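Asks: Predicted structure and sequence below. I'll ask about it afterward.
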Amino acid sequence: MSKLGQSSRTKLIFIGLLWLALILFVPPYADNFIGDDYFQLNRVTELAARPSTAWQLLNPFWQPWYYRPWQNGWILVNRLVFGFNPFGFYWLQILMHLLVMALLYRVGRRVGLSRWAGLTAVALFGLHGHWFDVVTWIASIAIVSAALFSLAALWFFLEYLDLPQRAQRTRRRSKPISAPSVSSVASHSRFLTLTILFAILTLFTHEEGFLLPIFLLLVWLARRGDWRQARPKELLTQPGGRAITLLLLADLAYLILQLTRPNDLISAAAAPDGGWLAAFNLRQIGLYGAQWVVRGLALLNQPPPLVNPALVTLFAGLSAGLLALWFLWGGRWVRLGLVWLGLHAGFIFWALWVQKPNFFAGRHIYQGMLGVALAVGAGLDQLVARYGRRRQKRLRIQRISLGLTTAVLLYFAFTLQNMQQNWENSLVATDQAVAAQMKQLMPTVTADTHVFANRFSTAAAYLPAHVMIWYGQPLTEPGGSLFKLRDYGRATPDFYVFDYDAEDGRLSNLMPDLQAHNETLFLWAQTPDVTLVDAPDTAMPPNPPAMKILSGPDRSRLAFAANPPESGWLSWAYARDIPANSQLSFSARGDGAQFRIRLTDERGQTQTLYETSGQNGQWQDAEIDLVDFAGQAVTIRLETAGNTGHWANPRLVRN
């Protein structure tokens with residue numbers, strides 16, 4: 001077949017792969033956001049209201065989260081364009097993945113892969129079965145973007161490195177010239193400028209962008225075929241060397257920034273539990289390596305080695321041994337591809353696994369698998385070069401490769417569709433059920449609505465974002481977990497506090513009384529003075545009250561367990577100013593427990609306002625009028641004796 005025919009067939013196959021990826025990756029939940037998507041949308045709420053302030057995205061201290069200006073900017077622009085319609089988000093993210101596939105093929109061809117090997121590499125990477133949590137999860141846009149920018153930087157750098165050979169080929173076909181042409185010098189400058197631009201953009205996109213300058217350095221050192229021939233001074237004397245030096249300095253500045261800026265999720269400067277030596281043990285490394293193999297093969301179920309801890313290290317060791325043999329057998333781009341994999345795997349281990357191994361997921365292997373794809377393509381060409389010199393053997397290798405690739409792609413397609421459907425049946429169905437219950441408990445919201453949760457279907461901190469999406473109303477007031485409510489210390493009728501029970505899928509209003517009063521002041525928002533009364537045999541008072549949720553036949557309640565001594569009373573003292581028209585409201589429960597409330601006024605006189613005993617585990621609701629103490633600074637004492645008792649949401653209410 002002529003070169004023109006081969007080129008046309010390659011284009012048709014490649015376009016087919018892109019269409020197949022587009023069809024497979026459009027998720028069944030394209031009309032719904034998933035998990036962290038809500039959080040990402042909520043993070044840019046203020047910027048969406050005032051787009052002129054979007055410059056803050058470049059400020060490393062704008063928010064104590066990952067420093068990813070590109071990701072936040074992408075989410076912001078998508079929100080301004082599509083609003084709260086997720087389909088547009090998914091569509092653009094899938095298109096970006098298709099661009100990654102296209103650039104991977106271009107890079108593969110630039111490093112010498114044949115059309116057949118390049119298409120195989122692109123197919124295995126682009127249609128990978130684990131990319132449901134990368135390509136079809138809006139919150140993972142930074143990973144797809146960083147892969148695109150990394151490949152763009154690599155491609156422009158390879159174009160720069162190929163310029164001398166290209167010029168030499170041109171001179172052979174024309175009259176020799178004694179000096180580089182103006183266009184040649186301009187090409188050098190253009191390719192290096194674009195390399196630097198995309199490499200810096202990668203740093204602004206995802207933490208793994210830190211690895212790109214290191215890899216470009218290795219490519220630059222390997223350009224002669226033997227890195228030992230490289231001269232260190234060329235890093236300062238040659239344009240390519242100076243570009244890499246600049247990027248390495250940018251890496252250093254980026255590392256210092258990451259070590260010094262706050263991050264509420266993962267701290268780059270924090271040591272893992274037990275110290276670094278404990279983290280870098282064979283079992284941890286083996287477990288991490290085994291997880292890479294499992295996710296790299298897109299296995300739906302954990303294989304036996306990961307179920308039996310005794311076999312984890314052996315399983316990972318065998319996998320590492322095979323990779324080592326592949327590295328020793330392979331040529332330049334097999335080795336460079338595996339080095340790309342090793343850099344990303346090592347970085348994820350240090351930056352994520354040692355601190356939060358439960359966060360490790362398929363999205364974290366996406367960029368590393370680019371290196372595997374290049375190594376696979378280069379390895380296939382190497383097989384043909386060594387064992388397929390005769391046409392018959394070459395065709396046999398290609399047919400076997402095609403059969404294996406087809407089988408793997410069918411498995412990937414099944415895995416991808418299955419996992420997307422699982423998300424549809426679990427995450428999306430749960431969100432829809434919770435949203436329906438919430439709209440019954442809270443029919444409408446305004447910009448002044450405050451929402452908090454003890455437990456939620458995703459995370460309590462994400463609740464305001466869910467409300468914003470479900471009601472189409474951005475919230476301008478604070479919300480989130482009960483700790484946020486405690487910091488706030490008070491509530492009005494537009495405060496809602498929810499609790500989600502994952503076992504029965506029920507969402508409840510944890511404090512329905514908030515809507516019945518003009519203002520609520522939480523006693524439990526402050527730490528009480530804990531003392532023992534009439535307990536001479538007990539030397540040390542116990543710890544302050546611990547917050548917990550207790551379910552009941554009517555509803556769940558926010559309660560605080562009191563464990564009194566064998567004799568005497570456990571006393572929690574709260575110093576408060578009593579506003580006008582206020583009552584002390586609470587509930588008490590505990591079989592065999594005694595409860596009382598005493599109040600010390602500003603004259604130092606103490607009186608008992610309430611006293612009762614627990615009855616059959618039932619909640620006893622009470623409300624005490626404090627009209628006689630209005631305007632006074634008093635001390636309210638919640639006291640418990642006998643058995644363990646619980647106080648539910650002690651508070652001052654005003655009508």
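Replies: All right, it came through fine. Keep in mind the model is a prediction, meaning the values are calculated, not measured. Residues are numbered from 1 along each chain as shown.

Asks: CA only for contacts and neighbour counts going forward, please
Replies: OK.

Asks: just the helices in the stretch 351-500 of the chain please.
Replies: Listed in chain order, the helices of the stretch 351-500 of the chain (DSSP state H, counting those that start in this stretch) span 366-387, 391-423, 429-441, 463-471, 482-488.

Asks: right, so of the ones you listed, which gets closest to residue 496?
Replies: Among the helices of the stretch 351-500 of the chain, the nearest to residue 496 by C-alpha to C-alpha is helix 429-441 (9.1 Å).

Asks: who's in contact with the closest one?
Replies: 457, 470, 505-509 (C-alpha atoms under 8 Å, 6 or more residues apart in numbering).

Asks: Sketch out the low-pLDDT regions of the stretch 451-600 of the chain for me.
Replies: Residues of the stretch 451-600 of the chain that meet the criterion pLDDT under 70 lie in 537-544, 553-554.

Asks: With the stretch 201-350 of the chain instead?
Replies: 224-234, 267-279, 300-310.

Asks: what secondary structure does residue 604 sit in?
Replies: Under DSSP: H, G, I helix; E, B strand; the rest coil, the three-state class of residue 604 is coil.

Asks: Correction: the previous question concerned residue 113.
Replies: Put simply, residue 113 is coil when judged by three-state DSSP.

Asks: what residues are up against residue 73?
Replies: 54, 57.

Asks: so who does residue 100 touch?
Replies: 144, 147-148, 151.

Asks: again, but for residue 366
Replies: Going by C-alpha under 8 Å, 6+ apart, residue 366 touches 131, 134, 143-144, 147.

Asks: picking up where we left off before, any idea which of the contacts of residue 100 is the one closest to residue 624?
Replies: Nearest to residue 624, judged by C-alpha to C-alpha, of those is residue 144 at 59.3 Å.

Asks: can you count the residues close to that closest one?
Replies: Look at residue 144: counted by other C-alpha atoms under 10 Å, it has 24 neighbours.

Asks: Residue 332 versus that one, what's the distance?
Replies: 26 Å (C-alpha to C-alpha, to the nearest Å).

Asks: Tell me how far residue 240 lies from residue 208.
Replies: In terms of C-alpha to C-alpha, residue 240 sits 22 Å off from residue 208.

Asks: With residue 475 instead?
Replies: 33 Å.

Asks: Next: residue 495.
Replies: 41 Å.

Asks: In this structure residue 452 contacts residue 494, no?
Replies: No. With contact defined as C-alpha atoms under 8 Å, residue 452 does not count as touching residue 494 (11.2 Å).

Asks: out of the two, which sits in the busier spot?
Replies: Set residue 452 next to residue 494 and count neighbours by other C-alpha under 10 Å: residue 452 wins out with 25 against 16.

Asks: So in terms of bridging, what pairs with that one?
Replies: As for beta bridges, residue 452 partners with residue 480, residue 497 under DSSP bridges.

Asks: With residue 571 instead?
Replies: Beta bridges link residue 571 to residue 531, residue 639, judged by DSSP bridges.

Asks: for it, what are its contacts?
Replies: The contact partners of residue 571, taken as C-alpha under 8 Å, 6+ apart, are 529-533, 637-640.

Asks: Next, give phi and psi for residue 637.
Replies: phi -110, psi 120 (degrees, to the nearest 10).

Asks: wouldn't it be in contact with residue 574 here?
Replies: Yes. Using C-alpha under 8 Å, residue 637 is in contact with residue 574, at 6.3 Å.

Asks: More neighbours: those two, which one.
Replies: When residue 637 and residue 574 are compared for neighbours, residue 637 comes out ahead with 24 against 20, by other C-alpha under 10 Å.

Asks: Quick check, pLDDT for the more buried one.
Replies: On pLDDT, residue 637 comes in at 94.

Asks: Identify the spatial nearest neighbour of it, chain neighbours not counted.
Replies: Ranked by C-alpha to C-alpha, 6 or more residues apart in numbering and with sequence neighbours excluded, the top spatial neighbour of residue 637 is residue 573, at 4.3 Å.

Asks: Hmm, residue 412 is touching residue 299, no?
Replies: No. Using C-alpha under 8 Å as the test, residue 412 is too far from residue 299 to be in contact (9.3 Å).

Asks: who's more crowded, the two?
Replies: residue 412 (21 against 15).

Asks: Contact partners for the more buried one?
Replies: Contacts of residue 412 by C-alpha under 8 Å, 6+ apart are 127-130, 298.

Asks: And for residue 502, the neighbour number?
Replies: Close neighbours of residue 502, defined as other C-alpha under 10 Å, add up to 12.

Asks: Among the contacts of residue 412, which one sits closest to residue 462?
Replies: Closest to residue 462, out of all of these and judged by C-alpha to C-alpha, is residue 130, at 25.2 Å.

Asks: Report the separation between residue 645 and residue 219.
Replies: Counting by C-alpha to C-alpha - residue 645 and residue 219 are separated by 68 Å.

Asks: Those two: which has the busier surroundings?
Replies: Just comparing residue 645 and residue 219: by other C-alpha under 10 Å the higher neighbour count belongs to residue 645, 26 against 20.

Asks: In contact with the more buried one, which residues?
Replies: Contacts of residue 645 (C-alpha under 8 Å, 6+ apart): 561-563, 588-591, 593-595, 614.

Asks: what would the residues you listed look like in JSON lines with neighbour count, distance to residue 106 and secondary structure?
Replies: As requested, the contacts of residue 645 are exported to JSON lines (neighbours: other C-alpha atoms under 10 Å; distance: C-alpha to C-alpha, whole Å; DSSP: H, G, I helix; E, B strand; the rest coil):
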{"residue": "561", "neighbour count": "19", "distance to residue 106": "64", "secondary structure": "strand"}
{"residue": "562", "neighbour count": "25", "distance to residue 106": "68", "secondary structure": "strand"}
{"residue": "563", "neighbour count": "19", "distance to residue 106": "69", "secondary structure": "coil"}
{"residue": "588", "neighbour count": "27", "distance to residue 106": "70", "secondary structure": "strand"}
{"residue": "589", "neighbour count": "24", "distance to residue 106": "70", "secondary structure": "strand"}
{"residue": "590", "neighbour count": "24", "distance to residue 106": "71", "secondary structure": "coil"}
{"residue": "591", "neighbour count": "16", "distance to residue 106": "74", "secondary structure": "coil"}
{"residue": "593", "neighbour count": "22", "distance to residue 106": "75", "secondary structure": "strand"}
{"residue": "594", "neighbour count": "22", "distance to residue 106": "77", "secondary structure": "strand"}
{"residue": "595", "neighbour count": "22", "distance to residue 106": "76", "secondary structure": "strand"}
{"residue": "614", "neighbour count": "21", "distance to residue 106": "75", "secondary structure": "coil"}
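
Asks: Any chance of a markdown table for these, columns distance to residue 282?
Replies: Compiled in a markdown table, these are given as follows (distance: C-alpha to C-alpha, whole Å):
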| residue | distance to residue 282 |
| --- | --- |
| 561 | 43 |
| 562 | 45 |
| 563 | 44 |
| 588 | 52 |
| 589 | 51 |
| 590 | 50 |
| 591 | 52 |
| 593 | 52 |
| 594 | 55 |
| 595 | 55 |
| 614 | 55 |
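
Asks: Closest one to residue 356 out of these, please.
Replies: Distance to residue 356 across those (C-alpha to C-alpha) is lowest for residue 561, with 31.1 Å.

Asks: distance of the closest one from residue 655?
Replies: Distance, residue 561 to residue 655, using C-alpha to C-alpha: 28 Å.

Asks: for residue 191, same thing?
Replies: 71 Å.

Asks: Which residue of these two possesses the greater neighbour count?
Replies: Remark: of residue 191 and residue 655, residue 191 carries more neighbours, 21 against 11, as counted by other C-alpha under 10 Å.
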